[in-house]
Each structure stands twice: as structure tokens, then as C-alpha cells.
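> Generate coordinates for the sequence data below:
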Amino acid sequence: MEVSNHLFVPGDVQEGEIFVGPSHKTSHQYLYSDSCPPNHCSVVREICMWLDSLTVLSSLSSLFRLLHVRNGNCKYHLGEETFKLAQSYMDKLAKHGHQANKAALYGELCALLLPKAYRWCIEAMKEITPGLPVKVVVDVLRQASKACVVKREFRKAEQLIKHAVFLAREHFGHKHPKYSDTLLDYGFYLLNVDNICQSVAIYQTALDIRQSVFGGKNIHVATAHEDLAYSSYVHQYSSGKFDNALFHAERAIDIITHILPEDHLLLASSKRVKALILEEIAIDCHNKETEERLLQEAHDLHLSSLQLAKKAFGEFNVQTAKHYGNLGRLYQSMRKFKEAEEMHIKAIQIKEQLLGHEDYEVALSVGHLASLYNYDMNQYEDAERLYLRSIAIGKKLFGEGYSGLEYDYRGLIKLYNSVGNYEKVFEYHNVLSNWNRLRDRQFAVADALEDVNTTPQQTQEVVQAFLLAQSLGPTRPCLG
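Sure, this is the predicted structure:
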């Protein structure tokens, strides 16, 4: 019976680390370290080397599991140490003619080293061969898909995650945790290609599976609650109906604080999501006292998230930049406009340096700064320039029907009304009407799970198609 099948059932990643951690240490002393004296006969030495190989293979398996646990526990610095040790074991094994499962190791590395995730996902994909455990194949496909989403390589991401969903459903069944893993990553893909309604449905299915398997107080359940909270928040942003989103955000926080320390990094994103929701509820609140209380609570949550992110990732990181941007929006709601401007500019600068000038994340922050200048600081020329930049990036990445364009178009209509340019007001009213018609036609699929091929390509065909596309260079996103 494999230990790895039972390590993560309780959802307590800290206990998993304690359990796995020491198991590799004894064999580290051997590692083909001349454990048999050189004067022994060759047969004895071969037996010693064979025993050493078994010991190292066992330790390597433990290290894979330890790396997985440390990734899940957000201990990324320790994860890098574990990876280096595992790699040294694999090098030693290779010298003695033994092959280890590099796909699994490289797949974990995708989750560990996000700035280099795409490169390591390519290496992991190269290691997928017939006979590899289906679980490993599914996990590599999932990690590679997420890396493609981050790079905005959506066609590649779609093919990889749909195949992962199909494999997990066929081999593990539709009530298995591994299937729920693939659904969460499918939801992530759908959310990022702007198919928000379907992402909510997929996240709900994943949460239902995890609750039926793990019960209530479990980290896996908490992460599903958080993902559903954020997608629900985005889905209901225009309507202002945030009850469902708030419920799932609070459930995620309750579960995590019940299991993990209050300063754990996993709390950063859950607190961030709750803060975003509270801010929108406060804006729509007609009671001044309640509004101020909700905004202050959101402020405390955002500051806590920012400190956790800076502690884990440092200042120069996309996650940290997101928290600065969130604070910028909150300060605007609190009518602290200079502080808001400072936060937005800081977010833009970090994102541009890390992601380039035409990334989706940059467009978000640029649009938020435009809104600040337009609605609260009367800096209309700056606002117009920023709106047009945000629109150009959004249309280039997602097409004419991208949901985020609505807020930029409405912002420009308000701006041109303010400066008396009614010709432009009329122009952008027409643009907004055309956008609404496009949105009505977009994403006609009624059920994203039905869209997963029932007769897909073979895994090796998917792998080869990905590697071939990689050799030909990046593809342009196709989002309708």
C-alpha cells in the first residue's frame, strides 16, 4: 500500500510534512557511498549496490511526496532544497542505470518555481511516456495547462486541461479527488478566458466532490470554497449580489484558520477575496456607519494579505503587485485618492517589469488607475490615455467580446460627457451596444463538461502536439 495515497486525506499539510520529512534522511548517508569495502568480491559489491539502489529509490519516492507537501504548505524555500536533493538522487541513480520518474518531479517544480514554471512544464511533458502512472500524467497536464494560462497561451492550455479532465474522469471516476483537481484547473482556465458563468459551475462541481470525499474541515475543501468565492464575485460583479461569494470566502477562511496558523500564506488569497467582496457590498450600502465598518474590515484584510505575500514572495512579485492594486481600489472607495494613485502606480510598475507592457494583469491595473483619474481626480487626459491602453490590451488578448471592456467603455462615456465631447459619447454608446451583442453570442456551450471530448486524442498525441506547437513558437489566443 502506497503511503502517498493516504498522506493528504486529512487535508493537514503540516502533518503530512512531519510524516514524510525524516524518511529520506537515513538513505542520504548511503547514496552509493562505498557502503561495501572495495576488497569484497564483485558479487557482494553488486548486491550492496542493488540494496543501495532500493534504498535510494524509496527515499526518492519520499522526497517527491515531501516536495508535494511543501508546495501545498507554501514552504517554497524548503521545496527548492527538497528538489535539489531529489535531483542529486536521480543523477546517482542514472549513473548506475536506473531511471526515475522525472515527469513527476518536473511537474512539482512547475508549482514550486512559478517564474520558471513554463520551462519546467515543457521538460515534464517531454518525460511523459507510455506506462507512466495516470495520476502523474494528469498532474503534469494540469500544471502545464496552468503555466500556459499564465503565459496567455490559451489554445495550448485548453487542449491540455480538457485531456486531463477526460483522463481523470475515465480512470478515477467522477467522484474522485483527482477528478476534482482537474476541475479546479479547468475552472481556472475558463475564468481566465472570460467564460465566467461556466467557471462558476465547474468550481461548484469540484467543491461538491471534495466535500463528499473529505468532509468539512479540510484544506482541499477550503481551496475549492475560495475558488468558487472569487469566480462568483466576478460573475455577480455587475449585479451586486455577493451573498454566495461572501459565504464561500468566509467558509474558506474559517477552515484554514481552524487547521493552520493565522499567519499562513494560504490565508492571503482567501482574505483578499473576502476584502474585495466586502468593498463592493460597502459601496452599495446606504448606511454610512455600516459602509465605513465594511471598508475598514476590507482594509485590514488587504493589509494582512499584503504582509503575508511580501513575507513569502518579496516586494517584486506579481502576487504582491495584485495586493497593491487591491489596496488602490479600496483607497479610492475610502476617498483617499493620493494613496490610491500611489498603490495603482506601484502595482503597474511591478507588473510591467515582470510581465511586460501588454499583459492582462497590467491592463487591469491601468484600467483601475484610469477609473480613479476619471471619477475622482478629474484628470481626464490621463484617464483617456489609460482607458484606451487597457482596451487595446484586452481586445488583443481576449477579443472584441471581453467582459472587462464594459467598464472601460462606460468609463469613456462618462469621461466624454464630462468634457463635453458628445460625438465621442455617441461613438462609445454604439461600441458598447455592439459589445453587448457580442457577449450574447459568445460561449454558446451550455455545459463546459459536455465540451470535454468524449473521444479525445491519445495522450501521446496531445503531448506531441504541445511540444510541436512549442517548437513553432507561441500561438495567438482564440477566444471568439
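
> which residues touch residue 447?
198, 201 (Cβ atoms under 8 Å, 6 or more residues apart in numbering). No exception for glycine: its C-beta is placed from N, CA and C like everyone else's.

> neighbouring contacts of the helix or strand hosting residue 166?
Assigned by DSSP states H and E, residue 166 belongs to helix 154-172. Helix 154-172 has contacts (Cβ under 8 Å, 6+ apart) with 134, 137-138, 141-142, 144-146, 148-149, 176, 178-179, 181-183, 185-186, 189, 192-193, 449, 451-454, 456-457, 459, 462, 465-466, 469-470, 475, 477-479.

> Buried subset of the residues you listed, written for ChimeraX?
In ChimeraX, a selection of the buried entries from the contacts of helix 154-172 looks like this (16 or more other Cβ atoms under 10 Å):
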select :137,138,141,142,144,145,146,148,149,178,179,181,182,183,185,186,189,192,193,449,451,452,456,459,462,466,469,470,477,479
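
> so where do the strands sit in the stretch 101-250 of the chain?
Assigned strands in the stretch 101-250 of the chain: none (criterion: DSSP state E, counting those that start in this stretch).

> The closest residue to residue 191 other than its chain neighbours and residue 362, how far apart?
Nearest residue to residue 191, sequence neighbours excluded (Cβ to Cβ, 6 or more residues apart in numbering): residue 199, at 4.1 Å. Noted for residue 199: a distance of 22 Å to residue 362, by Cβ to Cβ, to the nearest Å.

> The two: who's more crowded?
Applying other Cβ atoms under 10 Å to residue 199 and residue 362 shows that residue 199 carries more neighbours, namely 26 against 23.

> Report the contact partners of that one.
Contacts for residue 199 (Cβ under 8 Å, 6+ apart) come out as 187-188, 190-191, 231, 235, 448.

> give me that answer again for 6 Å
Contacts of residue 199 were listed using Cβ atoms under 6 Å, 6 or more residues apart in numbering, and they are 187, 190-191, 231.

> Give me the subset of the contacts of helix 154-172 lying in helices.
Cross-referencing the contacts of helix 154-172 against helices under DSSP state H gives 134, 137-138, 141-142, 144-146, 148-149, 178-179, 181-183, 185-186, 189, 192, 459, 462, 465-466, 469-470.

> ok so, going back, buried ones in the helix holding residue 166, by neighbour count?
Those would be 154, 156-169, 172, for helix 154-172 by 16+ other Cβ under 10 Å.

> Could you give the separation of it from the chain centroid?
Here helix 154-172 is found 16 Å from its chain centre; the criterion is Cα atoms, centre = their mean, to the nearest Å.

> where are the low-confidence patches of this structure?
Filtered on pLDDT under 70, the chain yields the residue ranges 1-116, 442-446, 453-455, 472-480.

> If we use 80, what do you get?
1-118, 120, 238, 440-448, 450-456, 470-480 (pLDDT under 80).

> show me the contacts for the closest residue in space to residue 248 that isn't next to it in sequence.
The shortest distance from residue 248 to any non-neighbouring residue, by Cβ to Cβ, 6+ apart, is to residue 229 (3.7 Å). When contacts are counted by Cβ under 6 Å, 6+ apart, residue 229 touches 245, 248-249, 273.

> Adding distance to residue 400 and neighbour count, write those out as JSON lines.
Below are the contacts of residue 229 laid out as JSON lines (distance: Cβ to Cβ, whole Å; neighbours: other Cβ atoms under 10 Å):
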{"residue": "245", "distance to residue 400": "28", "neighbour count": "26"}
{"residue": "248", "distance to residue 400": "32", "neighbour count": "27"}
{"residue": "249", "distance to residue 400": "32", "neighbour count": "29"}
{"residue": "273", "distance to residue 400": "29", "neighbour count": "29"}
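
> Residue 271: which element?
For residue 271, the element it lies in under DSSP H and E is helix 266-283.

> What segments of the stretch 251-400 of the chain are strands?
Remark: strands of the stretch 251-400 of the chain are absent; assignment by DSSP E, counting those that start in this stretch.

> before we move on, the earlier item: so how far is residue 212 from the residue nearest to residue 191?
The span separating residue 199 from residue 212 equals 21 Å under the rule Cβ to Cβ.

> for residue 166, same thing?
Look at residue 166 and residue 212: by Cβ to Cβ, they are 21 Å apart.

> Same question for residue 392.
Remark: distance between residue 392 and residue 212 (Cβ to Cβ) = 45 Å.

> Could you do residue 290 as well?
Look at residue 290 and residue 212: by Cβ to Cβ, they are 37 Å apart.

> ok, how many other residues are close to the residue lying closest to residue 318 once chain neighbours are set aside?
The spatially closest residue to residue 318, leaving aside those adjacent along the chain, is residue 354, at 5.6 Å (Cβ to Cβ, 6+ apart). Residue neighbour count, defined by other Cβ under 10 Å, stands at 15 for residue 354.
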